[in-house]
Each structure stands twice: as C-alpha cells, then as structure tokens.
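Novice: Fold the stuff below for me.
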Amino acid sequence: MSCLRLNLVLQGTRPWRKPFPVPSFHTHFSISTTSEGDLYSNLLSKCAKASNLRHGTAIHAKFIKGSVSTPIYLHNHILNLYVKCGDLIDAHQLFDEMHHRNVVTWSAIIAGFVQQGFHDEALALFCRVKPDGFTFATVLTGLAALSDLNLGLQVHAQLVKSGHGDENCVGNSLVDMYMKNQRLADGFRAFQEMPQRDVSSWTQMAGGCLQCGEPGIALEVIAEMRKMGVRPNRFTLATAFNACATLSSLEEGKKLHGLRIKLGTEIDVCVVNALLDLYAKCGSMDAAWTVFQLMNDRSIISWTTMIMGCAQNGQAREALRIFDEMILEGIEPNNVTFICVLYACSQGGFVDEGWKYFSSMSNDHGISPGEDHYACMVNLLGQGGLIKEAEEFILAMPFKPGMLVWQTLLGACQLHGDIQTGKRAAEHAMNLDKKHPSSYVLLSNMFAGLNNWHGVGDLRELMETSDVKKIPGSSWIEDLR
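Specialist: Down below sits the predicted model:
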C-alpha cells in the first residue's frame, strides 16, 4: 500500500451509506435495444447520483470478473462513483490500475481529493506519475473546471520544472486554468509566453476575457489575431458576437456579421444563435427576425432568444406568438424558455395568459416551477395591482420563498403604494439576508414616495448600524441576457 493510500485509510475516507434503490436490469432497461456498455453506463450514473455504493461496487465486481470488457469511459464511471460516494481509497486504487487516462479521469480523481480537502495528496498523486505534456494539459483542464487556483499554481510550478510548457495544448490549458479563476493578467502572461498560438489559443484567450467581464478586451484580442494572419473559426465568431452583445455594440456586430459572410464559415447553430442574441440585445429586432427566419436548424436556444428579445423590446404579444409557434413545431420548452414567456406576460400585463403558461409548465411539460418562475408571476400580478393575490400566491408556494420573490413583491408594493404589504415583504426578505441592501433600498424608496421621511431616516440608520452597504443597481433578468 502506498503512503498516499495509507494516509487516506488513516483519515477514514471509505464511508458506508445506506443504499438507495436503483432500477433493476430487467425493469428499466432492455439489452436488446441498448448496448451493454450504455446499459452499465446508465446504471453507474444512477448509482453515483444516488450515492449507492453497494450496487455500484457489484457492477465493478462484474467487470473485474471479466464478464464484460471495460473501456476507459466505463472505468471513468466507476471512478466517478467512488469519488461521489467519498470512497477515495478505492478511487485511488482504481486510478492506479488504469492503463489509460484522459481528462475525465484526471478531473474525477482530482475533484475527489480536492472536495475532501486533500489538496497536497492530489498534487502528490500528480507528481508521482511523471507527467508528460498530455498529462499536464488534461490536469490543468480539470483544474480549470474545478476553479482550483491553489492547486493550479502548484501544477504550473511543476510544469516550469518539467520543460513541457512549450507544447501548444499545455499552453492553452494553462491559459484556460487562469481565466476560469478570473486571473486575467496571469492568463495574458501565460498566453504571451506561448511560442506558437493557433486559432484555438486566440479564441480561448478572447473567451476568457469575456468570462472575466472584459468584452472590449476580447474584441481587441480577436482584432490582433486577424492582424497576425490567423483565420477566425466559428468559435471565434461566436465569441466575438457575444462580446458585441454584452457591449450592445451594434455597428461592430454588423461588421463581424459581414466578416462571417465573407469568410464563408460553415453555418453553425451556435454562431447563428450568438448573432441572433446580438441583434436582440441591441434592439435591432428587424435584423434579428431576418436571421431567425433564415435559420434552417432552430434549437431551443434560438426560440428562447427570440422570445426574450421580443419581450425586452416592447413586443410582448409577438413573444407569446413565437412560443405558441414553437410548441406547434414540436420543440419542447425548458425552464429558461418559461422564464422568458412569463417575463413577456409581465411586460405586456397579460395576467390570464401568465396563469395559463405557468400552469402548463407542470401540467403539459413536466417542469416544476422554480423561484425565478414564481418571481415572474409575482411581478405580473404585482404590476397589475393584484398585490393581495401576489402575496397569497407566495404563501402558497410549495417551497420556502427566497429573497428574490419577496423583493419582487416589495417592488410591486412600492409601485402601488401598499405600505403594509410592503413592510411584510421587506421583513421576510431581511430575515433571509439582513446584509443585502436591496430590501432596505426598496422599502426606503417606498417610504420616500409616500413622503414618510421619518421611515426613510430610520431605515438609513438601521443600514448604518447593521453595516449594510449599498451596491450599484442591477436586474436579475440580466442574467438571462
């Protein structure tokens, strides 16, 4: 037994959990219609999700006996099972015995060690295998997904010692690790130290800038790439369109649209969706309609983008028409689509339609409404002056209402001057988060609108004594844009 595994044993990392029931082989799966590999893949995923270690190890035992071949993706499923169940001892043993490892393998084992607090052991495991360029690339990609900067810095140090830093795939993964951790300057430094940069390197750098909240810099990176003679691909264009959408830069977006046509880049639904989103966010709905109507392959994202674009640009009724057309074409909506539909109802003041779509979520599409959907309905009712109905709707929710729902009601009370309901909504919101300034600001604005300056003063004093800091305003609906 290795020192690492002995350390895991001493620290007790093999838990016992009461097994959850999983589907039997015969009840839910038919080998005649599903390949054996897919069957075991599905079973292992269910075991991992339910933390059902007993059934999972029984399947692993079947593999060990040799009754079925074990490709790397099934090994990864077993590894993931042990990690999800907290059994790092067996996870580590399986990892040691694997002859082939990919990025999924490394991501799973590192995630297991990191989530259990074994950062040093994760690094020791990595160093023990004498990593090559591929290993460095896969591990850094895994750490990027985990947003584990501390371990990433240590792996970077090992990379410098190893001499594998000149490899393109390693450089790309290193840049990705820094950008996923919001370390823009370090990401640029790693990018500039790469001896060669291909279109993937430039696109990843631009995408990282966008993730770090710097869309302008993302466009500068793409412009520099073109100066260097590197031809953009469809991922570059999608990143550029997203950056323009974030900046609401319509003119720059039109230039990039022209570039896409000039390059003759293969039509990709992700690129067209990004272009559609750009025009919608810039308020150019005629251009958005043209792009949408020319699309041969419309995904749920395409339809949802158009629904939201219409809702945000004063075309609420048109948004609902698009949704109804989507349903007629057999496209199944998701939870985000319904947020956009309910938002459109709120923008148009369509209370009856809002109730219809809200009910259809669970009745017709099997989607359980979440807090965002309830907030949309509260906003719809509140904007229409139905404050009492909105409060009753909240109190009847099947789960505990969150701060967003109560703040939405508070905003409606401010709009209609319902101070008593507003006080109750504010009390609920403040009980959920006493430090969040929005509840105080909304209530203060309501008091000010009613010339209740004594109440405004009391609230400001309460904010000061509670050390509540006012932050710049934003809208939760912006997250959907």
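Novice: so what's residue 282 closest to, chain neighbours aside?
Specialist: residue 250 (4.1 Å; C-beta to C-beta, 6 or more residues apart in numbering). C-betas here are computed from N, CA, C, even on glycine.
Novice: So the one you found sits against residue 285, correct?
Specialist: No - taking contacts as C-beta atoms under 8 Å, residue 250 lies outside contact range of residue 285: 11.8 Å.
Novice: Overlap in contacts, the two.
Specialist: Jointly contacting residue 250 and residue 285 under the rule C-beta atoms under 8 Å, 6 or more residues apart in numbering are residue 279.
Novice: Let me know the pLDDT of the residue lying closest to residue 221 once chain neighbours are set aside.
Specialist: Excluding the flanking residues, the one nearest residue 221 by C-beta to C-beta, 6+ apart is residue 206, at 4.3 Å. On the pLDDT scale, residue 206 is placed at 95.
Novice: residues near residue 431, how many?
Specialist: 11 (other C-beta atoms under 10 Å).
Novice: One more: residue 339?
Specialist: Residue 339 has 22 neighbours, counted by other C-beta under 10 Å.
Novice: what about it, which helix or strand?
Specialist: Following DSSP states H and E, the helix or strand that holds residue 339 is helix 335-348.
Novice: Would you mind listing the outside residues contacting that helix?
Specialist: Contacts with helix 335-348, where a contact means C-beta under 8 Å, 6+ apart, come from 300, 303-304, 307-308, 310-312, 314, 316-317, 319-320, 323, 326, 333, 350-351, 353-354, 357-358, 361, 367, 369-370, 372-373, 376-377, 379-380, 383, 477, 480.
Novice: What subset of those is buried?
Specialist: Neighbour counting by 16 or more other C-beta atoms under 10 Å classes 303-304, 307-308, 310-312, 316, 319-320, 323, 326, 333, 350-351, 353-354, 357-358, 361, 367, 369, 372-373, 376-377, 379-380, 383, 477, 480 among those as buried.
Novice: For residue 306, give me its contacts.
Specialist: With C-beta under 8 Å, 6+ apart, residue 306 has these contacts: 276, 280, 288, 292, 319, 322.
Novice: need the contact list for the last one.
Specialist: By that I understand residue 322. Contacts for residue 322 (C-beta under 8 Å, 6+ apart) come out as 303, 306, 307, 310.
Novice: Surely the residue nearest to residue 221 touches residue 226?
Specialist: No - if you go by C-beta under 8 Å, residue 206 and residue 226 don't touch, sitting 11.3 Å apart.
Novice: between the two, which one's more packed in?
Specialist: Set side by side, residue 206 and residue 226 show more neighbours around residue 206, with 28 against 13, by other C-beta under 10 Å.
Novice: Could you pull up the residues touching the more buried one?
Specialist: Residue 206 neighbours (C-beta under 8 Å, 6+ apart): 218, 219, 221, 222, 225, 236, 239, 240, 243.
Novice: Out of those, which two sit at the greatest distance?
Specialist: Greatest spatial distance in these: 225 and 243, 13.0 Å, computed using C-beta to C-beta.
Novice: low-scoring pLDDT stretches of the stretch 151-300 of the chain, where are they?
Specialist: Applying pLDDT under 70 to the stretch 151-300 of the chain flags the ranges 265-267.
Novice: quick one, helices of it?
Specialist: Here the stretch 151-300 of the chain has its helices, by DSSP state H, counting those that start in this stretch, at 168-180, 184-192, 199-211, 215-227, 234-247, 250-263, 269-281, 285-294, 300-312.
Novice: Need the CA coordinates for the first one. CSV is fine.
Specialist: Meaning helix 168-180. Only the C-alpha atoms of helix 168-180 are listed here, as CSV (Å, rounded to 0.1, in the frame of the first residue of the first chain):
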residue,chain,number,x,y,z
ASN,A,168,0.6,24.2,-27.6
CYS,A,169,-2.0,22.1,-25.8
VAL,A,170,-0.3,22.7,-22.5
GLY,A,171,-0.2,26.4,-23.0
ASN,A,172,-3.9,26.5,-24.0
SER,A,173,-4.8,24.5,-20.8
LEU,A,174,-2.7,26.8,-18.6
VAL,A,175,-4.4,29.9,-20.0
ASP,A,176,-7.8,28.3,-19.5
MET,A,177,-7.0,27.5,-15.9
TYR,A,178,-6.1,31.1,-15.1
MET,A,179,-9.0,32.6,-17.0
LYS,A,180,-11.5,30.2,-15.3
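Novice: residues near the residue nearest to residue 282, how many?
Specialist: 17.
Novice: got it, and residue 46?
Specialist: 18.
Novice: just residue 356 next, same as before
Specialist: Using other C-beta under 10 Å, residue 356 has 12 neighbouring residues.
Novice: can you check the one 10 residues further on too?
Specialist: Per other C-beta under 10 Å, the neighbour tally for residue 366 reads 8.
Novice: Next: residue 196.
Specialist: Neighbour count of residue 196, defined by other C-beta under 10 Å: 9.
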